[in-house]
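1. attaching a predicted model along with its sequence, questions to come.
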Amino acid sequence: KPDYLMLAIETSCDETSVAVVKGGRQILSNIVSSQIETHRQFGGVVPEIASRKHVESITVIIEEAFKKAGVSPGDIDTVAVTQGPGLVGALLVGIVAAKSLALALDVPLIGTHHIAGHIYANQLIGDILYPALALVVSGGHTELVLIEKEGQFRIVGRTRDDAVGEAYDKVARALKFPYPGGPHVDRLAHEAQDEVVLPRSWLEPDSYDFSFSGLKSAVLAEINRSRMKGETPDFSALARGFQQSVIDVVTGKAMRAAAEFGVRQLLLCGGVAANRGLRETLTALCREANLPLLIPPHVLCTDNAAMIGAAADLKWRRSEFTSLDMKAEPGFSL
Ligand code: KG4
Ligand code: ZN
């Protein structure tokens, strides 16, 4: 059934999201309810509060997704849900909702990997050419994933400490921006007249791993040094220096891996893919290297259920369904 209807649910962190996807590619609705306002006062996501907020909103968001798509529950052919990784209590809310719906509607359930979702968000905007390399950059993840064939993932590099988005948020806090601060640092970096040049963390010459905690500390040290001298730190020059270091290393490693593994396409995904400097630099480098690049629009880069539907489509086409006794997998591996 090529134009089958899927209900997809994502609740792994602080977004309650439900989508109706037709034929694995066409988004009929993709409702995202963010809890950011609630978590902002704590400077980050509080797991217990996240679970409770998901419980409060999940049924409302499911109804909204059906309504916006103009379909009724009886039309649905399958239910997909994020199984992990993520916050266990948050994941459970989506999983319980998905299981209940699958049971009530007597349709198959498909458990999906959150990162596979970020990667396959690209399938909603174009065709993926294999082998492909995905640069996954979000608040919780920083990974270079080689996809030899559809659904066959190999992590060739990952962060050894902070995720890129996490480093952005920590630096943003030092620059007095509210959570999540990534977009503020991005904007400030673009407005900057000067740049405080900061170190690049390349690690071992042949490594595709990342490390951002040293860079974050370098920003804090620069702020302290200025204050000790009685000067006002130049926040915009620091933002620029931080952003340039991140972009150099992240795009440098992605391009080197793309060449080494001979991929036919590069995919950028995750919330930090919204970063203007990162998009521009990667676009220019790929054009130079004659390498096709896909970057989803912003709404499909940050956590959303349509991307979970896109990843679940791979399993639907192979009739790889998940049993109703499926559990949340907070440390799910790709
Ligand atoms: O993928 P996402 O929505 O949530 C996770 O799964 O983590 O990513 C959120 C992260 C936050 O850390 C946020 O600060 C960062 O993405 N972010 C950005 C930008 N927009 C969002 N970081 C840098 N520049 C941006 N423009
Ligand atoms: Zn995510």
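-> That came in fine, so what should we check first? Ligands and ions are numbered 1, 2, ... in the order given.

2. outside of the helix or strand hosting Asn224, which residues touch it?
-> According to DSSP states H and E, Asn224 maps onto helix 213-228. Outside helix 213-228, the residues that touch it by Cβ atoms under 8 Å, 6 or more residues apart in numbering are 161-162, 167, 170-171, 174, 196, 198-199, 201, 232-234, 238, 241-242, 245-246. In this view, the C-beta of every residue, glycine as well, is placed from N, C-alpha and C.

3. strands of the stretch 51-200 of the chain, residue ranges please.
-> Ranges of strands in the stretch 51-200 of the chain, per DSSP state E, counting those that start in this stretch, are 78-84, 109-113, 132-137, 142-149, 152-158.

4. among these, which is nearest Asn304?
-> strand 78-84 (10.6 Å; Cβ to Cβ).

5. I'd like the mean pLDDT over the closest one, please.
-> Per-residue pLDDT over strand 78-84 has a mean of 97.

6. got the angle between it and strand 109-113?
-> 30 degrees (axes from the mean of the first three to the mean of the last three Cα atoms, to 10 degrees).

7. does strand 78-84 reach ligand 2?
-> No. Between strand 78-84 and ligand 2, judged by Cβ under 5 Å from the ion, nothing touches; the nearest distance is 9.1 Å.

8. spell out which parts of the stretch 1-150 of the chain neighbour ligand 2.
-> Close to ligand 2, as judged by Cβ under 5 Å from the ion, the stretch 1-150 of the chain has residues Ser138.

9. before we move on, back to that, and the helix holding Asn224, how far out from the chain's middle?
-> 28 Å (Cα atoms, centre = their mean, to the nearest Å).

10. now it - C-alpha only, CSV.
-> Presented in CSV, the C-alpha positions along helix 213-228 are these (Å, rounded to 0.1, in the frame of the first residue of the first chain):
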residue,chain,number,x,y,z
SER,A,213,34.4,21.2,26.4
GLY,A,214,37.9,22.7,26.1
LEU,A,215,36.6,25.3,23.6
LYS,A,216,33.8,26.2,26.0
SER,A,217,36.3,26.6,28.8
ALA,A,218,38.5,28.8,26.6
VAL,A,219,35.5,31.1,26.2
LEU,A,220,35.0,31.2,30.0
ALA,A,221,38.7,31.8,30.5
GLU,A,222,38.7,34.7,28.1
ILE,A,223,35.8,36.3,29.9
ASN,A,224,37.6,36.0,33.2
ARG,A,225,40.9,37.3,31.8
SER,A,226,39.1,40.5,30.6
ARG,A,227,37.4,41.0,33.9
MET,A,228,40.6,40.5,35.9
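
11. now that helix: buried residues?
-> By neighbour count on 16 or more other Cβ atoms under 10 Å, the buried set for helix 213-228 is Leu215, Lys216, Ala218, Val219, Glu222, Ile223, Ser226.

12. pipe these into a markdown table and attach pLDDT and distance to ligand 1 per row.
-> Putting the buried residues of helix 213-228 into a markdown table (pLDDT from 0 to 100; distance: Cβ to the nearest ligand atom, whole Å) gives the following:
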| residue | pLDDT | distance to ligand 1 |
| --- | --- | --- |
| Leu215 | 96 | 14 |
| Lys216 | 95 | 13 |
| Ala218 | 96 | 18 |
| Val219 | 97 | 14 |
| Glu222 | 95 | 19 |
| Ile223 | 95 | 19 |
| Ser226 | 93 | 23 |
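
13. now tabulate those in TSV and tack on distance to ligand 2.
-> Converted to TSV, the buried residues of helix 213-228 look like this (distance: Cβ to the ion, whole Å):
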residue	distance to ligand 2
Leu215	22
Lys216	20
Ala218	27
Val219	24
Glu222	30
Ile223	29
Ser226	35
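
14. thanks a lot, see you next time.
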